[in-house]
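Q: no FASTA, just this:
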């Protein structure tokens, strides 16, 4: 028997608000444990929550970007469960009246179009964090994160492969970062994904038993975990066993999923409307105000880069995967109308230096004006493009102008017609055999001759002019 994989994904995106969902405590990451708390997020008796309006606005903007319907009236509920990192004994979430629902995302996976339905996007507060002592001495709880605003985005059961799951998560992360509602940092837990996976006989319309995967903090681990779980469930069913409904953790060290707990159903949480929070009305006027703030989204921008700048799909995809990088690129193009040259340089030397130095595009020591200064020297033949690439690490690390560095390093390209003709003539005289081969029809030999001229010039000869001179003198 062959099986079909059915996958839905829940994503918890931490919203980029300065304060928590229902109180004024800060949401900054990495501060000393239990320093960002108050009676509200500690769940002390008599403390009353107040809804963070900025978090609601971010949720609405995200829903609009995902083509969701925004509810005119939404409501918060209490999700009841008991765990050490949940001080109130319940989590404030949304159940039957989510802020956004009925949306979709359009993807391209391995060249094929794929539509993923968005069932709902709802607001909730995060729990704290339990840390277990490595020496077995016990566990401690940090409640700094308790109450941090989350947007949970839930797909329909539309995904079928690990590759589709990763493609969806990357596209969603790009949208969230473009909207500036989430920083997308999976390692710090700002973006957490939980695939829900089941198998059913090929051709069946009945869903199999669902397993939820947790503890996945990178796209690579998502792909590995889903692939492993498909293989595990296939093996269980093929051997006549039964898949259990449970939550499993991804153990990246051992490359396998392990049981965490039996999976609860919605009725186990005993949802009911939070009596401390009245229903929230969202006016059509406010929705339209928020819609007007949504800038061009990644997929639209990628298509425009391909259409307007003639960039290949792969290059346009990388450039538009980061709003900051796409903005940087367009700033450069506005100063210097050579999009292909700029794109190649950004995706090569520029990103390499940023990655090695751990610096973001926004914090780059080379603003667009400086990069264009260097590229113009390569474009007008003052230096070769290879020389520009080799010079860039030093250019990146200093405030010295490109022109001054070129002079200090002696990189100015030899472009004088008389000197180049003499150089080419010397190479022709020194390599009579190769010249005869070229004149006999072996055009590939021309590359060897150009290489010899470049070698003699110490790499300073203008390669385009050298190539043209060889063709002229050997014709």
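A: Ah, there it is. What you see is a predicted model; the values in this text were computed from it and never measured.

Q: partners of the strand ranked longest in the chain, with directions?
A: If you go by DSSP state E, the chain has its longest strand at strand 112-125. Strand 112-125 sits in its sheet next to strand 100-109 (antiparallel), strand 149-155 (antiparallel), going by DSSP bridges.

Q: Can you tell me which of the ones you listed is packed in deepest?
A: Mean neighbour count (mean count of other CB atoms under 10 Å) peaks for strand 149-155 among the strands paired with strand 112-125, with a mean of 23. Placement of C-beta: from N, CA and C, glycine included.

Q: So for it, mean pLDDT?
A: Averaged across strand 149-155, the pLDDT comes to 98.

Q: for stretch 46-53, same thing?
A: The average of the pLDDT scores along stretch 46-53 is 96.

Q: Pull the residues that contact that stretch.
A: Here stretch 46-53 makes contact (CB atoms under 8 Å, 6 or more residues apart in numbering) with 17, 19-23, 38-40, 76, 92, 149, 274, 276-277, 280.

Q: how far away is residue 259 from residue 135?
A: Distance of residue 259 to residue 135, given as CB to CB, to the nearest Å: 25 Å.

Q: ok, those two, which is more surrounded?
A: residue 259 (11 against 6; other CB atoms under 10 Å).

Q: show me the contacts for residue 37.
A: 25, 143, 144, 146 are the contacts of residue 37 under CB under 8 Å, 6+ apart.

Q: likewise residue 88?
A: By CB under 8 Å, 6+ apart, the contact set of residue 88 is residue 43.

Q: So it, which state does it fall into?
A: coil (DSSP: H, G, I helix; E, B strand; the rest coil).

Q: Show me what the helix or strand that the longest strand of the chain is followed by is packed up against.
A: Using DSSP states H and E, the helix or strand that follows strand 112-125 in sequence is strand 129-132. Counting contacts by 3 or more CB pairs under 8 Å, 6 or more residues apart in numbering; DSSP states H and E, strand 129-132 packs against strand 139-142.

Q: So, low pLDDT: which residues of the stretch 301-450 of the chain?
A: 413-417, 419 (pLDDT under 70).

Q: Tell me the gap between the longest strand of the chain and the middle of its chain.
A: Between the centre of strand 112-125 and the centre of its chain there are 17 Å (CA atoms, centre = their mean, to the nearest Å).

Q: tell me the average confidence for it?
A: Averaged across strand 112-125, pLDDT comes to 97.

Q: quick one: buried residues of stretch 246-259?
A: Of all the residues in stretch 246-259, those buried under the rule 16 or more other CB atoms under 10 Å are 247, 248, 249, 250, 256, 257.

Q: can you list contacts of it?
A: The contact list for stretch 246-259 (CB under 8 Å, 6+ apart) reads 211-216, 221, 224-225, 228-229, 232, 260-263.

Q: what mean pLDDT does that stretch have?
A: For stretch 246-259, mean pLDDT rounds to 93.

Q: re earlier: please produce a markdown table containing the strands paired with strand 112-125, extended by distance to residue 367.
A: Shown next, in a markdown table, are the strands paired with strand 112-125 (distance: least, CB to CB, whole Å):
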| stretch | distance to residue 367 |
| --- | --- |
| strand 100-109 | 33 |
| strand 149-155 | 33 |
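
Q: Select, out of these, the one closest to residue 284.
A: Set against residue 284 and scored by CB to CB, the strands paired with strand 112-125 come closest in strand 100-109, at 14.5 Å.

Q: Averaged pLDDT, the closest one. What do you get?
A: Averaging pLDDT along strand 100-109 yields 95.

Q: Which helix or strand contains the nearest residue to residue 49 once chain neighbours are set aside?
A: Of all residues not flanking residue 49 in the chain, residue 22 sits nearest, at 3.3 Å (CB to CB, 6 or more residues apart in numbering). Remark: residue 22 resides in no helix or strand, with elements defined by DSSP H and E.

Q: separation between residue 22 and residue 28?
A: 17 Å.

Q: neighbour count winner among the two?
A: Using other CB under 10 Å as the criterion, residue 22 and residue 28 rank with residue 22 on top: 23 against 10.

Q: Look up the closest residue to residue 193, ignoring the ones flanking it.
A: Among residues not flanking residue 193 along the chain, residue 11 sits closest, at 5.1 Å (CB to CB, 6+ apart).
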